[in-house]
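Engineer: mind looking at a prediction? Sequence and model below.
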Amino acid sequence: MAEMDTSSGGGHKKGPGVKKGKKLSTRVDLTPMVDLGFLLVTFFVFTTTMAQSTAMNMNEPKDDPNQQLKVKNSGAMTILLGKKDQVYYYYGQLDPATISQQFKSTSFRDIRELIVGKKKATPIDDLMYIIKSDKNSTFKNAINLLDEMSISNVPPGHYAEVDMTATEEELIRQTEVANGIK
């Protein structure tokens, strides 16, 4: 509430016989205003809806062998995620005779160019990206690779995450040992 302070005086006269009234000062108590502010903040916190989380749709392969999609060797690109942000890839199936020429490594900086290049060079009906994560790779890298697929406009159903084979795990291990990655 407001209150009047009558303690201050104003005893100066301007002329003979003229009495001047005392100056009164006012002080406004802001305690109810603070209460009102907290009530408004509480009201808006309780009535506001928080941002809804969004998730990316991903088509995963089916477990039924009769329902699985058959992929042409010419349209497949396998991307392997290793430890310490390492990315490995190969096209088609691994051939034991030419495995050293097929199995290549790259970085996350260059993976988008490879994805887009494969997409341009392959008819869309034959295109398939197979993503495999090593047990030492990070979840962040898997999400970054899925983001690269989305950025590169790869349609859903043309990429899938599957388990890594023992041969691929051994290739990654040998490459990391040769490059000094611990």
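Structural biologist: Sure, I can see it.
Engineer: pLDDT below threshold where in this protein?
Structural biologist: 1-18, 56-71, 182 (pLDDT under 70).
Engineer: which parts of this structure are strands?
Structural biologist: Along the chain, the stretches classed as strands by DSSP state E are 2-5, 25-28, 76-81, 87-91, 104-106, 128-133, 159-161.
Engineer: helices or strands up against the second one?
Structural biologist: In this case it means strand 25-28. Secondary-structure packing of strand 25-28 (3 or more Cβ pairs under 8 Å, 6 or more residues apart in numbering; DSSP states H and E): strand 2-5. All C-beta atoms are positioned from the backbone trio N, CA, C, and that covers glycine.
Engineer: which residue packs closest to Gly75, ignoring adjacent ones?
Structural biologist: Asp126 (3.2 Å; Cβ to Cβ, 6 or more residues apart in numbering).
Engineer: one more: Ala142?
Structural biologist: Per Cβ to Cβ, 6+ apart, closest to Ala142 is Ser133, 5.4 Å.
Engineer: ok, that neighbour - contacts?
Structural biologist: Ser133 makes contacts with 80-81, 141-142, 161, 164, as judged by Cβ atoms under 8 Å, 6 or more residues apart in numbering.
Engineer: great, nothing more from me.
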